[in-house]
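Novice: let's see this in three dimensions:
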Amino acid sequence: MNLIKLEEVCRLSGVDEEIIIHYIEEDWVHPSQEDGSFMDEEDLARIRLICELKDEFGVNDEGVSIILQLLDQLNRMHLEIAKNFQGDQL
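Specialist: As a prediction, the model looks like this:
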């Protein structure tokens, strides 16, 4: 896993540090380091998704929370299906 400093995440995403901290506090982003000083590429992609939802689609904070929860659920289900499929192949 490639860790990225928070300052670099800000630069790559175009998002201010205070806003990223807000995303962490809202539990939308789960940084690799508890203090939020390092993130991975998945965190960066999630920050970009949040920005797109808010800026391009006008989704409010409550809507972002719901969308992220649904995406997380979908990803867990996908992983479970893939895991079960692999088990069937053995």
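Novice: name the element Ser65 belongs to?
Specialist: helix 61-89 (DSSP states H and E).
Novice: mind listing what's buried in that helix?
Specialist: The neighbour-count check on helix 61-89 (16 or more other C-beta atoms under 10 Å) flags 64, 67-68 as buried. Glycine gets a C-beta too; all of them are placed from N, C-alpha and C.
Novice: quick one: mean pLDDT for that helix?
Specialist: Mean per-residue pLDDT for helix 61-89: 92.
Novice: what of stretch 1-9?
Specialist: In the prediction, stretch 1-9 has an average pLDDT of 92.
Novice: which other residues reach that stretch?
Specialist: 12, 15, 17, 20, 31-33, 36-41, 43-44, 47 (C-beta atoms under 8 Å, 6 or more residues apart in numbering).
Novice: what's the span of that stretch from first residue to last?
Specialist: 15 Å (C-alpha to C-alpha, to the nearest Å).
Novice: and Leu12, how far from His22?
Specialist: Going from Leu12 to His22 by C-beta to C-beta, to the nearest Å gives 18 Å.
Novice: how many neighbouring residues does the closest residue in space to Ser37 that isn't next to it in sequence have?
Specialist: Excluding the flanking residues, the one nearest Ser37 by C-beta to C-beta, 6 or more residues apart in numbering is Leu6, at 5.4 Å. Number of residues near Leu6 (other C-beta atoms under 10 Å) recorded here: 19.
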